[in-house]
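> Okay, predicted coordinates and the sequence, questions at the end:
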Amino acid sequence: MRLEQIKKIGIVGAGTMGQGIAQICAMAGFKVVLYDIEERATRNALEIIGKNLEKGIERGKVTPEQKTLALDCIDISSDIQDLRCELIIEAIVEKLDIKKSLFLSLEEINEPTSILASNTSSIPITRIASVLNYPERFVGMHFFNPAHIMKLVEVISGVATGAETAQCIYDLALKLGKSPVMAKDAPGFIVNRVARNYYVEALKILEEDVSNVQDIDKLLESSGFKMGPFRLMDLIGVDTNFSVTTSMYNAFHQEPKFRPSRIQEQKVDAGHHGRKSGKGFYDYTD
């Protein structure tokens, strides 16, 4: 598959990442099918995409015409049969078995030439592709939150990923206005493996009562980081961040430096998932 052969892109998952990926694909002129098993989630996603584009207009980065054209490019669906596309990008929960099941279903309804891509941030691409009949067409395409703003995209090749497949996704990322990097398959890939220490060490400081959330963030922001670890976890999603850390901890055979935090686990159990839930390490209800 070459970039010029991609006309329609399917996005699986209408959450925060799926919304952003759908938006930038539509802005680049691709026909997009945004799919989620929850019909309400797709309607909500379309509304959020519209608001994002409106903010872009206010900032002078998007024209009203571009907004109209982008929204016209997006169809929403809760029927997996509508995901017959040249490329499908998955952005769902970080659970290996669920991803495997999804991609088996997608492979069954699509042509052998279709590319299947995962936005996973921590699960090895080779593990997901192990159940597929055409693993050479499977690749990682890891965006960063918020996907419609952040420039970096990791293009991850599993053991069986074809060079042509990886190059096609790299070229697509460029067309989307992103800055792609090629990466080999490993838990956390490049960015999340490095960034995990930023979160985990900050949580250890909190657990040991060395300092509080506000002061840890203030210190790191004053050192040059745009966002402190706790503000960033709230933005990404405390639950998502915890899931990625847990996945990497297990993938590295319980390497102590990746040990998930009990404090973060309690936040997840309490439903304090960050900005999206109104409360995380900070309160956003006001």
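The structure has been received and is ready for your questions. Numbers count the residues shown, from 1 in each chain.
> tell me the contacts of residue 99?
With Cβ atoms under 8 Å, 6 or more residues apart in numbering as the criterion, the residues that contact residue 99 are 90, 92, 118, 120, 123, 128. The C-beta positions use only the backbone N, C-alpha and C, and glycine is treated the same way.
> typo on my end, it should be residue 103
Residues in contact with residue 103 (Cβ under 8 Å, 6+ apart) are 90, 116, 118, 128-129, 131-132, 138.
> These in helices, which ones?
Applying DSSP state H to the contacts of residue 103, the entries found in helices are 128-129.
> between the contacts of residue 103, which is nearest residue 211?
Of all those, residue 211 sits closest to residue 118, with 36.8 Å by Cβ to Cβ.
> how deep is residue 286 tucked in, by neighbour count?
4 (other Cβ atoms under 10 Å).
> again with residue 251
By other Cβ under 10 Å, 18 other residues sit near residue 251.
> Just give the closest residue to residue 251, not the sequence neighbours.
residue 187 (3.5 Å; Cβ to Cβ, 6 or more residues apart in numbering).
> shouldn't the one you found be in contact with residue 247?
Yes - with contact defined as Cβ atoms under 8 Å, residue 187 counts as touching residue 247 (7.2 Å).
> Could you check how many residues crowd around residue 232?
Residue 232 has 21 neighbours, counted by other Cβ under 10 Å.
> scratch that, residue 170 is what I was asking about
Using other Cβ under 10 Å, residue 170 has 18 neighbouring residues.
> Now the phi/psi pair for it, please.
Phi and psi for residue 170, reported as degrees, to the nearest 10, are phi -60, psi -50.
> so it sits right up against residue 155, yeah?
Yes - using Cβ under 8 Å, residue 170 is in contact with residue 155, at 4.9 Å.
> one step back: what sits in contact with each of residue 187 and residue 247?
Listed contacts common to residue 187 and residue 247 are 122-123; contacts here mean Cβ under 8 Å, 6+ apart.
> Need the max-distance pair from the contacts of residue 103.
It's 90 and 131 that sit farthest apart of those, by Cβ to Cβ, at 13.8 Å.
> Helices of this protein, residue ranges please.
Going by DSSP H, the chain shows helices at 16-27, 39-58, 64-73, 96-109, 125-129, 163-175, 191-207, 213-222, 229-236, 238-251, 262-269.
> Could you export those as a markdown table, including distance to residue 149?
Shown next, in a markdown table, are the helices of the chain (distance: least, Cβ to Cβ, whole Å):
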| stretch | distance to residue 149 |
| --- | --- |
| helix 16-27 | 8 |
| helix 39-58 | 9 |
| helix 64-73 | 15 |
| helix 96-109 | 25 |
| helix 125-129 | 25 |
| helix 163-175 | 14 |
| helix 191-207 | 15 |
| helix 213-222 | 19 |
| helix 229-236 | 11 |
| helix 238-251 | 17 |
| helix 262-269 | 25 |
